[in-house]
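Colleague: Mind looking at a prediction? Sequence and model below.
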Amino acid sequence: MAASTRCMKRALGGAISPSLVVILGATGTGKSKLAIEIGKRLRGEIISADSMQVYHGLDIITNKVTAEERAQCLHHMIGFVDPLVSNYTVVDFRNKAVSLIDDMHHQNKLPIVVGGTNYYIESLLWRVLLDAGRDDSEGDGDTDRKLELEKLEGAELHKRLMEVDPKMAALLHPNDKRKIARSLQIHQETGVPHSSWLEEQRGQQGGAALGGPLRYPDPCIFWLHADMNALDKRLDARVDEMLSVGLIEELRDFHVRFNQQKVRNDSQNYQHGIFQSIGFKEFHDYLTAPENGTRQEKDTLRKKGVEALKIATRRYARKQNKWVRNRFLKRPGDSVPAVYGLDVTDVARWEETVLNPALQILDSLCKGEEPAISPIRLQGEEQRNKRSRHSCDLCDKVIIGDLEWAAHLKSKKHHFHVRKKLKSDAETKRSESSSQDTNSEH
């Protein structure tokens, strides 16, 4: 009996196992390729969880699937938001994606979530209460309030948070302006401290230290990982391929249609919406170069943009892998689903090391059996608290996180202050001893 038929029968019996497939991995690891192959075999439909692919435009730079790839398997959540919209939020994404997943379950189809935007994926995997009592989308006023808060000094922001939410303030470093501003914004909008939302979330049945319980039972999560040296070369080659298929022309056209006037008005913002896409801001100098500039000057700016794009892409890949390790592999508990690792280092062995193992795991899960391939989890990291607060009086510093605290205690700066303190204490002790000797003589 085919695996797809078994999944359908389990669905008709009132339970789907797995309830959905999530494919994680750094950019350039072939997540979409695996999603399409699984979708074709198991009556699946694909939901893109990429915060840049929801927008129209920049198809090459955001690496949207091609029309040919979409024809092989139905895709959702791609290219449906106007690029000038800057207030599309994770809440908007979550609400639409959850509705799609529910529809797929009713039709006995397998939802396959694929993408690299961490908070989009988290919003689907875990139930969160943060948006309770709020509108389902933030308006321009909400965005403006947060931006206004971020303009303040970190010390002032932290002082304000300490007044309304001391528990949350104790968990955040005074220099972490973005997170402090977010916590203040939540309190302003809801009247409830951010820490209270998190406590209620964790107190739900199935909740844990990470947050609320899983939204869907028994998700199957694949992590596509590769040797970073091999991946770096692949990413550089992909940038070169983008250039050969019209990347520069795409960027120039998009700039003229949507960004040129903003630059003239000095109102361009590369921190919101599709304008924050990796690749667009890296070519800012090239796209805004004077028309009367020399060919050599423009070529120099173009090369600078290409190199900046390659560096940013490699950096982003590492950030994505770090999130997988920290969010899934280093955290034990029922609210953290199992993750199955698939090695994509050698593309010549893709079927052997990626596709076939993934299908075998899904086949076992559809049968209700334990897969022969074990999920992965890093060991020895469970006791580290990322939010513990430490204060070093010697260095006059606040340190957040056990790992960061351990690193600080080993740092040269800390050891310098320790030696200074020991020397000062010794001098004080000698001075007191000398004073006592003098007094005894009298």
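Modeller: Sure, I can see it. Owing to the predicted nature of the structure, the values given are computational and were not obtained by experimental measurement.

Colleague: I'd like the distance between the residue most central in space within the chain and Asn326.
Modeller: What sits nearest the mean C-alpha location of the chain, by CA atoms, centre = their mean, is Asn118, with 3.0 Å. To Asn326, Asn118 is 10 Å away according to CB to CB, to the nearest Å. All C-beta spots, glycine's among them, are computed from the backbone N, C-alpha and C.

Colleague: Likewise for Ala358?
Modeller: In terms of CB to CB, Ala358 sits 23 Å off from Asn326.

Colleague: quick one, which of the two is more surrounded?
Modeller: Taking other CB atoms under 10 Å, Ala358 and Asn326 do not tie; Ala358 has more neighbours (23 against 15).

Colleague: Test my guess that that one contacts Ala35.
Modeller: No - taking contacts as CB atoms under 8 Å, Ala358 lies outside contact range of Ala35: 10.0 Å.

Colleague: Pull the contacting residues for the residue nearest to the centre of the chain.
Modeller: Each residue near Asn118 by CB atoms under 8 Å, 6 or more residues apart in numbering is listed here: 320, 323, 327.

Colleague: could you dump stretch 31-46 to CSV, C-alpha only?
Modeller: C-alpha atoms of stretch 31-46 as CSV (Å, rounded to 0.1, in the frame of the first residue of the first chain):
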residue,chain,number,x,y,z
LYS,A,31,14.3,23.0,0.6
SER,A,32,11.9,23.7,-2.3
LYS,A,33,13.2,20.7,-4.3
LEU,A,34,12.5,18.3,-1.5
ALA,A,35,9.1,19.9,-0.8
ILE,A,36,8.0,19.4,-4.4
GLU,A,37,9.1,15.7,-4.5
ILE,A,38,7.3,15.0,-1.2
GLY,A,39,4.2,16.9,-2.4
LYS,A,40,4.0,14.9,-5.7
ARG,A,41,4.2,11.6,-3.9
LEU,A,42,2.0,12.2,-0.8
ARG,A,43,-0.8,14.4,-2.1
GLY,A,44,0.8,17.4,-0.5
GLU,A,45,0.5,21.1,-1.0
ILE,A,46,3.3,23.6,-0.2
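
Colleague: And for that stretch, what's in contact with it?
Modeller: Contacts of stretch 31-46 (CB under 8 Å, 6+ apart): 3-4, 7-8, 21, 23-25, 65, 69, 72-76, 100, 104, 108-116, 222, 224, 342, 350, 354-355, 358-359, 362.

Colleague: ok, 7 Å please
Modeller: 3-4, 7, 21, 23, 25, 65, 69, 72-76, 104, 109-112, 114, 222, 224, 354-355, 358-359, 362 (CB atoms under 7 Å, 6 or more residues apart in numbering).

Colleague: And the helices in the stretch 151-300 of the chain, which stretches?
Modeller: With DSSP state H, counting those that start in this stretch as the criterion, the stretch 151-300 of the chain has helices at 154-164, 166-171, 177-190, 194-203, 228-244, 247-254, 260-264, 284-287, 295-324.

Colleague: can I get those helices in JSON lines with distance to Asp92 and mean pLDDT?
Modeller: Below are those laid out as JSON lines (distance: least, CB to CB, whole Å; pLDDT from 0 to 100):
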{"stretch": "helix 154-164", "distance to Asp92": "26", "mean pLDDT": "87"}
{"stretch": "helix 166-171", "distance to Asp92": "25", "mean pLDDT": "87"}
{"stretch": "helix 177-190", "distance to Asp92": "16", "mean pLDDT": "80"}
{"stretch": "helix 194-203", "distance to Asp92": "19", "mean pLDDT": "69"}
{"stretch": "helix 228-244", "distance to Asp92": "28", "mean pLDDT": "97"}
{"stretch": "helix 247-254", "distance to Asp92": "22", "mean pLDDT": "95"}
{"stretch": "helix 260-264", "distance to Asp92": "23", "mean pLDDT": "87"}
{"stretch": "helix 284-287", "distance to Asp92": "27", "mean pLDDT": "94"}
{"stretch": "helix 295-324", "distance to Asp92": "21", "mean pLDDT": "95"}
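
Colleague: could I get those as a markdown table with distance to Gly57?
Modeller: Listed next are those as a markdown table, based on distance: least, CB to CB, whole Å:
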| stretch | distance to Gly57 |
| --- | --- |
| helix 154-164 | 35 |
| helix 166-171 | 38 |
| helix 177-190 | 27 |
| helix 194-203 | 35 |
| helix 228-244 | 15 |
| helix 247-254 | 5 |
| helix 260-264 | 14 |
| helix 284-287 | 14 |
| helix 295-324 | 17 |
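
Colleague: Adding mean neighbour count and distance to Ile278, write these out as a markdown table.
Modeller: A markdown table is the format used below for these (neighbours: other CB atoms under 10 Å; distance: least, CB to CB, whole Å):
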| stretch | mean neighbour count | distance to Ile278 |
| --- | --- | --- |
| helix 154-164 | 17 | 27 |
| helix 166-171 | 18 | 30 |
| helix 177-190 | 19 | 19 |
| helix 194-203 | 18 | 29 |
| helix 228-244 | 15 | 10 |
| helix 247-254 | 18 | 12 |
| helix 260-264 | 13 | 19 |
| helix 284-287 | 19 | 13 |
| helix 295-324 | 16 | 5 |
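
Colleague: Out of the ones you listed, which is closest to Arg94?
Modeller: helix 194-203 (14.5 Å; CB to CB).

Colleague: picking that back up, closest one of the contacts of Asn118 to Lys303?
Modeller: Gln320 (26.3 Å).

Colleague: where does the chain dip in pLDDT?
Modeller: 1-16, 128-151, 200-212, 331-334, 378-389, 434-442 (pLDDT under 70).

Colleague: so what are the domain limits for it?
Modeller: Residue ranges for each domain of the chain read 138-203, 231-313, 394-441, as given by automatic domain parsing.

Colleague: Which elements pack onto the helix or strand hosting Phe93?
Modeller: Using DSSP states H and E, Phe93 sits in helix 90-106. The contact analysis (3 or more CB pairs under 7 Å, 6 or more residues apart in numbering; DSSP states H and E) places helix 90-106 against strand 44-48, helix 118-125.

Colleague: Would you mind finding the most buried of these?
Modeller: Among the helices and strands packed on helix 90-106, ranked by average contacts under mean count of other CB atoms under 10 Å, first place goes to strand 44-48 (a mean of 25).

Colleague: which residues in the stretch 251-400 of the chain form strands?
Modeller: In the stretch 251-400 of the chain, the segments counted as strands under DSSP state E, counting those that start in this stretch are 339-343, 389-392, 397-400.

Colleague: that older thread, present the domains of the chain as JSON lines; the columns should include distance to Lys31.
Modeller: Formatted as JSON lines, the domains of the chain follow (distance: least, CB to CB, whole Å):
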{"stretch": "domain 138-203", "distance to Lys31": "27"}
{"stretch": "domain 231-313", "distance to Lys31": "13"}
{"stretch": "domain 394-441", "distance to Lys31": "29"}
